[in-house]
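**Q** need a 3D model of the following:
(one chain, ligands or ions: 1)
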Amino acid sequence: MAAFDHLIIGSGINALVAAAMLSRKGDSVLVVEREDRVGGCMYTSDAVTLPGFHHDVMAATFVLFLTSPAYAGLAEDLAEHGLAFCHSAHPTAALRPDGSNLVLGMDRAANVAAFNACGAGDGDQHAADVGAIEADADFLFALLGQPLWSRQALMLLAKQAWKKGLGPLKTWFGEALEPSRGWLETRYASADVQALWAAWVLHVGLTPEATYGGQMSRVIAFALEAAGAPVVKGGAGQAAAAFRSLIEAKGGVVRTGVEATKIIVEKGRAIGIETAQEEKILAKNIIASTAPGQLYDGLLAGQSQPETTKKYRHGRGNFQLHYALDGAVEWQSAGLEDVALIHLTDGIDAVSKSSNEAERGMLPAVPTICVGQPNRLDPGRCPEGKAILWLQIPDAPSAIKGDAAGQIETVPDWTEEMREAFADRIEGILSRHIKNWDRIKLKRRAYSPRDLEQMNVNLVGGDPYGGACTLDQFFVWRPVAGQVNNGTSVKNLYHIGASTHPGPGLGGGSGLNVAKGLGA
Ligand SMILES: Cc1cc2nc3c(=O)[nH]c(=O)nc-3n(C[C@H](O)[C@H](O)[C@H](O)COP(=O)(O)OP(=O)(O)OC[C@H]3O[C@@H](n4cnc5c(N)ncnc54)[C@H](O)[C@@H]3O)c2cc1C
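**A** Below is the predicted model:
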C-alpha cells in the first residue's frame, strides 16, 4: 500500500512549489531532502562570516519567482506563512573599470532619458526592446509557464500566428534566436548601455555569442525594470521556511536528512524509494528533483534510460564570495549606494573573454563580478551600522586547466589555495572601486564550484543552472532531445528541477507544471 500520494525527492524551489500545490489540493505528500535543511539553493546562514551577519549563501534575487505563475498561485498562502520581499528602486547597474556607471531604475521614462543621454537613440531603443517584450508578455510567460510539448502550447502558438500573421511570427522567432552580442552591438551606440546588459546573459547560463541570448537579455531587462531585483526579508532561507510551514499546515510531511538512493520500479511503474537510511517508502507518484545523471545513472541504475542522457552537458561553474563589513560601502563612483546588483565589467568583449576562458577551463584573468548589496534592501541582515556583500562570479571553471593570467598555480580540482588566490583576484578588482575598503573589510568567505556541489549535489561541477542552457538543451529539448515534458521512461515518475523545462532560476516552473498535471 502506498503511504503517500506523492513522494518528492529534494526540496529546492521546484520541489517545494509542487509539494505546496499538491498538499493544498488535499493529497498526501512527503518531501525527502538529503541535507539537514530544506531549500536547496535557497539557503541563508549566519555561520558564513561573523555572528549576526546573515548571508544568502547561494541564490538571493527573487525576480523570477515574483513574476512566475507559481508565485501568482501561491502568493497569499506564502505571505500567511511569513514570506515577504524587500525592494530597491534601482535593480541593477554596470560599473566599468574607468569608474563610469549606468544605473537602471524602475521608471521607464527615466531610463529612456538616461539611456538617450548615453548614446543617441539608445533610450528609444530601450523603450522599443522592453515594449516588445511587454506586448508579448502573455505569450512569453505562458510559454515558459507550461509544458511545451502539449496541446495548450500548440494552441498558444496558433493563437499567436493568428494575431501576428505567419510571416511576422517567423520573423519573431528568427529575431528571438539572436545572440546577446548581436543585439547589443547592432542596437545600442553607448558602451555604457551595452555594459549594463552584457553580463546578464551569464545569469541565464549563456555567453554573449550564444543563440537566443539576445531575447533572454531583453526578457531580463523587462523583468528588472518592471519587478526590480527583490530579496526575501530575512534571506532566501525564509522562503524555504515559508514553503515548509505552508506544506506542513496542509498536512504534508517534510523530512530532512533522508537521501533517496533508489527508485523502486515494478512492471515499468515507479512505486517508491529506498533511502540511505535503509527505509523503503511507497507512494503512488514519485517526483525527482535531481540532475539527470543522478536520476538515470543512480536512482534508476539498471533500469532502461534514455541513451542521450549520457550526452548531457553541465555548464560552467560558479564562484561565491561573501563579505562582512564594518560600515557602509563608499563607492568611488556616485549613485550606486542602493543598487541591488552591480556588475563590474567593461562590457560585451570583457564578458565574452571571461566566459570563454572559464568555458576552456581557465581561471579568468578578469572575471565578471556581480555584487549584491542585500542589507541595503533588507537592513536586518546584519548588525546596525555594518554591511554585507554578496558576490557571484558566474565564470568559474569546473575543472581547471590553467590560469588565464598566468599567476595562480593550478591543479585540475579546486583546492583551498586556488580558491583563496582567485578570491584575492576578485577582491583586488572590487576594492579598487571602494574608497573605504581597507577600513570596512572585516571577514570574507569564498565558495568554489566544488564547495557549491558539496552543499547541493544537484550543482554538478558547481554548475548553478543544472546543465548547460544552450539551445540544444533547452525548451522542448531539456534535459535531452527525446524528453517529453516532465515525464520519464518510467510510469508515475516525474523529473523536475533546473535540469528540466523551463530551466534554472527561482521560478518554480517545473514543479508547478507537474503539480498541475497531477490535478493541482
Ligand atoms: C550560487 C548560486 C546563486 C544563484 N543565484 C540565483 C539568484 O539569485 N536568482 C535566481 O533566480 N537563481 C539563482 N540561482 C539558480 C537557482 O538558485 C537554481 O536554478 C534553483 O534554485 C534550482 O532549484 P531546483 O528546484 O532545481 O532545486 P535545488 O535548489 O538544486 O535543490 C535540489 C535539492 O535536492 C536535494 N537532493 C538531490 N538529490 C537528492 C536525493 N537523492 N535525496 C534527497 N534529496 C536530494 C539537494 O540536496 C537539494 O537540496 C543560483 C544558483 C546558485 C548555485
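**Q** and Arg439, how many neighbours?
**A** 11 (other C-beta atoms under 10 Å). (Each C-beta comes from the backbone N, C-alpha and C, glycine too.)
**Q** likewise for the one 5 residues further on?
**A** Other residues within reach of Arg444, judged by other C-beta under 10 Å, total 19.
**Q** quick one: buried residues of the helix or strand that contains it?
**A** For Arg444, the host element (DSSP states H and E) is strand 441-447. Neighbour counts over strand 441-447 (16 or more other C-beta atoms under 10 Å) mark Lys441, Arg444, Arg445, Ala446, Tyr447 as buried.
**Q** what does the stretch 351-500 of the chain have sitting close to the ligand?
**A** Taking C-beta under 6 Å from any ligand atom as the contact definition, the stretch 351-500 of the chain meets the ligand at Gln392, Leu452, Asn456, Val457, Asn458, Leu459, Pro464, Tyr465, Gly466, Gly497, Ala498.
**Q** switch to 5 Å and redo it
**A** Contact residues (C-beta under 5 Å from any ligand atom) of the stretch 351-500 of the chain with the ligand: Asn456, Val457, Asn458, Pro464, Gly497, Ala498.
**Q** can you select the buried ones from the residues you listed in PyMOL?
**A** Buried residues among those (16+ other C-beta under 10 Å), as a PyMOL selection:
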select buried, resi 456+457+458+464+497+498
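**Q** any idea which helix or strand in this protein has the lowest mean pLDDT?
**A** The helix or strand of the chain with the poorest confidence is helix 137-144; it has a mean of 83 (mean pLDDT, DSSP states H and E).
**Q** how far away is the nearest residue to Phe243 once chain neighbours are set aside from the ligand?
**A** Spatial nearest neighbour of Phe243, chain neighbours left out: Leu16 (3.9 Å); criterion: C-beta to C-beta, 6 or more residues apart in numbering. Distance, Leu16 to the ligand, using C-beta to the nearest ligand atom, to the nearest Å: 8 Å.
**Q** could you report the neighbour count for Leu16?
**A** 33.
**Q** excluding chain neighbours, what is closest to the most centrally placed residue in the chain?
**A** Nearest to the mean C-alpha position of the chain, counting by C-alpha atoms, centre = their mean, stands Gly505 at 2.9 Å. Ranked by C-beta to C-beta, 6+ apart and with sequence neighbours excluded, the top spatial neighbour of Gly505 is Leu64, at 4.2 Å.
**Q** the one you found contacts Leu506, correct?
**A** Yes. Under the criterion of C-beta atoms under 8 Å, Leu64 makes contact with Leu506 at 4.9 Å.
**Q** circling back to that earlier point, which SS class is the residue nearest to Phe243?
**A** helix (DSSP: H, G, I helix; E, B strand; the rest coil).
**Q** ok, now which ones touch the residue nearest to Glu259 when sequence neighbours are not counted?
**A** In space, Glu259 comes closest to Arg34 once its chain neighbours are excluded; the distance is 3.6 Å by C-beta to C-beta, 6+ apart. Arg34 makes contact with Gly10, Gly257, Val258, Glu259, Ala260, Ala276, Val457 under the criterion C-beta atoms under 8 Å, 6 or more residues apart in numbering.
**Q** could you tell me how many residues sit around Arg151?
**A** Around Arg151 there are 8 residues (other C-beta under 10 Å).
**Q** tell me who's in contact with it.
**A** Here Arg151 is in contact with no residue (C-beta under 8 Å, 6+ apart).
**Q** now Glu453
**A** Counting by C-beta under 8 Å, 6+ apart, Glu453 has contacts Leu459, Val460, Gly461, Gly462.
**Q** quick check on it: phi, psi?
**A** phi -60, psi -30 (degrees, to the nearest 10).
**Q** one more: Arg37?
**A** phi -150, psi 160.
**Q** quick one: it and Ala240 touch, right?
**A** Yes. Counting by C-beta under 8 Å, Arg37 does reach Ala240; the two are 7.4 Å apart.
**Q** what is in contact with the two at once?
**A** Shared contacts of Arg37 and Ala240, counting by C-beta under 8 Å, 6+ apart, come down to Tyr43.
**Q** which one among the contacts of Glu453 gets closest to the ligand?
**A** The shortest approach to the ligand among the contacts of Glu453 belongs to Leu459, at 5.3 Å (C-beta to the nearest ligand atom).
**Q** if we can go back for a sec, dump the contacts of Arg34 into CSV; add secondary structure as well.
**A** Output for the contacts of Arg34, formatted as CSV (three-state DSSP):
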residue, secondary structure
Gly10, coil
Gly257, coil
Val258, coil
Glu259, coil
Ala260, strand
Ala276, coil
Val457, coil
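**Q** just the closest of the residues you listed to the ligand, please.
**A** Gly10 (2.6 Å).
**Q** residue contacts, the residue nearest to that closest one when sequence neighbours are not counted?
**A** Nearest residue to Gly10 in three dimensions, chain neighbours excluded: Ser289, at 3.5 Å (C-beta to C-beta, 6+ apart). By C-beta under 8 Å, 6+ apart, Ser289 lies in contact with Ile8, Ile9, Gly10, Ser11, Gly12, Asn14, Ala15, Gly40, Asn458, Ile496, Gly497, Gly511.
**Q** get me the contact residues on the stretch 201-350 of the chain for the ligand.
**A** Glu259, Ala260, Thr290, Asn318.
**Q** where's the last one, which helix or strand?
**A** I take that to be Asn318. strand 317-325.
**Q** what is the very next helix or strand once past that strand packed up against?
**A** Downstream of strand 317-325, the first helix or strand assigned by DSSP H and E is strand 339-344. Packing partners of strand 339-344 (3 or more C-beta pairs under 8 Å, 6 or more residues apart in numbering; DSSP states H and E): strand 90-95, helix 191-198, strand 369-372, helix 374-377.
**Q** nearest residue to the closest residue to the ligand within the stretch 101-250 of the chain in space, please, no chain neighbours.
**A** The stretch 101-250 of the chain approaches the ligand most closely through His203 (7.4 Å), counting by C-beta to the nearest ligand atom. Spatial nearest neighbour of His203, excluding adjacent residues (C-beta to C-beta, 6+ apart): Pro394 at 6.6 Å.
**Q** and the helix or strand containing that neighbour, C-alpha only, in PDB?
**A** Pro394 is part of strand 387-396 when elements are defined by DSSP H and E. The C-alpha trace of strand 387-396 is given here as PDB (Å, rounded to 0.1, in the frame of the first residue of the first chain):
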ATOM      1  CA  ALA A 387      27.100  45.800   5.900                       C
ATOM      2  CA  ILE A 388      27.300  42.700   3.900                       C
ATOM      3  CA  LEU A 389      28.200  42.000   0.200                       C
ATOM      4  CA  TRP A 390      27.100  39.000  -1.900                       C
ATOM      5  CA  LEU A 391      29.400  38.400  -4.900                       C
ATOM      6  CA  GLN A 392      28.600  36.000  -7.600                       C
ATOM      7  CA  ILE A 393      31.200  35.100 -10.300                       C
ATOM      8  CA  PRO A 394      29.400  33.100 -13.000                       C
ATOM      9  CA  ASP A 395      32.600  32.500 -14.900                       C
ATOM     10  CA  ALA A 396      34.500  29.900 -12.900                       C
END
